[in-house]
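[1] Generate coordinates for the sequence data below:
(one chain, ligands or ions: 2)
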Amino acid sequence: MSANKKLLFLPGDGIGPEVMGQVRRVIDWMDNRRHVSFDVAEDLVGGAAIDATGTSLDDATLDKAMNVDAVLLGAVGGPKWDNVARDIRPEAGLLKLRKEMDLFANLRPATVLPALAEASSLKEELVSGLDILILRELTSGVYFGEPRGITENADGSAEALDSQRYTSAEIERIVRVGFEMAGKRGKRLHSVEKANVMETGVLWRRIATEVGKDYPDIELQHMYADNCAMQLVRAPKQFDVIVTDNLFGDVLSDCAAMLTGSLGMLPSASLGGADESGRRKALYEPVHGSAPDIAGEDKANPLATLQSFAMMLRYSFDDIENAELIEQAVKNVLDQGLRTGDIMQDGKTLVSCTRMGEAVCAELDKLAA
Ligand code: IPM
Ligand code: MG
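    Ligands and ions are numbered 1, 2, ... in the order given. From the prediction side, this is the model:
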């Protein structure tokens with residue numbers, strides 16, 4: 001197969017480069033053993049980009065991101081850049097990528113792997129076998145709504161304003177993805193908002209109900225966001241797919257992440273709309289942050305990034321076979337008792353980021369033999 005799959009790697013800050021290094025290892029393995037090749041370019045984002053170019057995402061990098069098949073991002077941010085101007089802060093680069101690439105559909109699966117069920121903050125029976133998908137709207141809502149800003153009043157007081165704004169088209173396209181995803185899974189969709197308080201919630205509920213008429217085989221349930229947070233920690237297995245807005249999705253996905261025992265395990269995909277040829281712009285990234293406290297020490301957990309790469313194979317390249325191979329290899333190394341520090345448990349074997357990546361490749365060797 002020719003190297004026609006164009007990827008852009010944006011390792012970013014903190015542990016980003018280390019975990020991405022393990023994806024390189026798996027990519028080499030795929031090239032050697034599966035004859036699946038990728039054309040990988042690499043560039044800077046976040047604090048690393050601020051240091052080199054003065055901004056967290058420069059136009060040339062954005063241009064590259066717009067012209068590849070998929071982007072894989074490590075992590076952005078760190079205390080070093082706490083005091084840079086707001087519009088160039090590391091997170092701004094990530095938000096700009098999401099917005100400019102129009103990556104409106106953010107998929108955050110929260111699955112509990114058998115080996116880690118006891119690492120959850122909830123009782124094992126509540127979470128074992130958990131498999132939910134949080135679908136977060138990613139390019140609108142209060143994250144981007146105008147007007148916004150802080151006004152300094154003449155009397156010395158100040159006032160801050162954020163705007164939660166959604167158009168019916170923005171709601172419809174994300175809710176539709178929700179129904180499509182539910183159709184491929186457990187056929188249940190929870191649409192989450194606060195229609196009891198917010199106008200955007202009222203519109204969200206109305207559109208979800210209308211779109212639902214096109215999907216009679218999917219069971220649609222509306223739920224208030226606060227109740228959803230409560231239900232996630234009370235009885236998470238009641239959920240299959242949750243579709244929600246940008247801010248509620250940010251909060252609820254962290255909550256769901258904790259159910260799984262480790263943020264270091266969770267991948268994510270951010271997808272745009274399909275073009276004429278059915279291709280979607282896409283960015284994949286682990287849900288965890290840049291963990292500056294352990295950066296450069298070879299202690300990071302690369303499994304979320306490896307699973308993000310598996311999601312890329314599945315959603316951008318329709319390569320289910322190799323995606324499942326990687327996911328199985330991840331399960332196997334955990335079953336062998338290998339753990340990075342973030343998921344360490346009594347009686348298990350503590351390994352480095354590098355060693356974990358090597359172990360995944362060794363498992364891949366066995367699985368593909
Ligand atoms: C996330 C993060 C980002 C967000 C930050 C880093 C801007 O929390 O991806 O969930 O709030 O969207
Ligand atoms: Mg978040």
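[2] Report the rounded mean pLDDT for stretch 225-244.
    For stretch 225-244, mean pLDDT is 98.
[3] and whatever residue of the chain ends up closest to ligand 1, what element?
    Closest contact between the chain and ligand 1, by C-beta to the nearest ligand atom, is at Glu91 (4.0 Å). To be clear about C-beta, it is placed using only N, CA and C from the backbone, and glycine gets the same treatment. For Glu91, the element it lies in under DSSP states H and E is helix 90-100.
[4] can you give me the strands for this protein?
    Applying DSSP state E to the chain gives strands spanning 5-12, 38-42, 70-75, 105-111, 131-137, 149-152, 158-161, 188-193, 219-224, 241-244, 267-274, 280-286, 338-339, 349-350.
[5] Dump those strands to JSON lines, plus distance to Ala304.
    Formatted as JSON lines, the strands of the chain follow (distance: least, C-beta to C-beta, whole Å):
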{"stretch": "strand 5-12", "distance to Ala304": "14"}
{"stretch": "strand 38-42", "distance to Ala304": "19"}
{"stretch": "strand 70-75", "distance to Ala304": "10"}
{"stretch": "strand 105-111", "distance to Ala304": "11"}
{"stretch": "strand 131-137", "distance to Ala304": "15"}
{"stretch": "strand 149-152", "distance to Ala304": "35"}
{"stretch": "strand 158-161", "distance to Ala304": "33"}
{"stretch": "strand 188-193", "distance to Ala304": "24"}
{"stretch": "strand 219-224", "distance to Ala304": "27"}
{"stretch": "strand 241-244", "distance to Ala304": "20"}
{"stretch": "strand 267-274", "distance to Ala304": "5"}
{"stretch": "strand 280-286", "distance to Ala304": "3"}
{"stretch": "strand 338-339", "distance to Ala304": "14"}
{"stretch": "strand 349-350", "distance to Ala304": "18"}
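[6] residues from the protein in reach of ligand 1?
    91, 94-95, 250 (C-beta under 6 Å from any ligand atom).
[7] Would you state the helices of the protein in chain order?
    16-29, 47-53, 59-66, 90-100, 124-127, 168-184, 199-212, 225-234, 246-259, 303-315, 320-335, 353-368 (DSSP state H).
[8] ok, back up a step: so which of the strands of the chain gets nearest Ala208?
    Ala208 lies closest to strand 188-193 among the strands of the chain, at 4.0 Å (C-beta to C-beta).
[9] Spatially central residue in this structure, please.
    Nearest residue to the geometric centre of the chain (C-alpha atoms, centre = their mean): Ser268, 2.4 Å.
[10] Just to check, that residue is in contact with Leu107?
    Yes - between Ser268 and Leu107 a contact is recorded at 6.3 Å, counting by C-beta atoms under 8 Å.
[11] backbone phi and psi for Ser163, please?
    phi -120, psi 130 (degrees, to the nearest 10).
[12] can you count the residues close to it?
    Other residues near Ser163 come to 13 when the count uses other C-beta atoms under 10 Å.
[13] gap between it and Glu152?
    19 Å (C-beta to C-beta, to the nearest Å).
[14] Outline the domain layout of the protein.
    Structural domains assigned to the chain are 1-107+263-369, 131-259, following automatic domain parsing.
[15] if we can go back for a sec, okay, the residues of the chain next to ligand 1 in JSON lines with distance to Pro11 and neighbour count next?
    Shown next, in JSON lines, are the residues of the chain next to ligand 1 (distance: C-beta to C-beta, whole Å; neighbours: other C-beta atoms under 10 Å):
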{"residue": "Glu91", "distance to Pro11": "16", "neighbour count": "14"}
{"residue": "Leu94", "distance to Pro11": "13", "neighbour count": "23"}
{"residue": "Leu95", "distance to Pro11": "18", "neighbour count": "17"}
{"residue": "Asp250", "distance to Pro11": "23", "neighbour count": "18"}
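[16] Could you export the residues you listed as CSV, including pLDDT?
    Formatted as CSV, the residues of the chain next to ligand 1 follow (pLDDT from 0 to 100):
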residue, pLDDT
Glu91, 92
Leu94, 93
Leu95, 92
Asp250, 94
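[17] just the residues you listed now: which is nearest Lys348?
    Asp250 (31.3 Å).
[18] Need the residues touching each of Ser268 and Leu107.
    Jointly contacting Ser268 and Leu107 under the rule C-beta atoms under 8 Å, 6 or more residues apart in numbering are Met311.
[19] where does the stretch 51-200 of the chain have low pLDDT?
    Residue ranges of the stretch 51-200 of the chain with pLDDT under 70: none are present.
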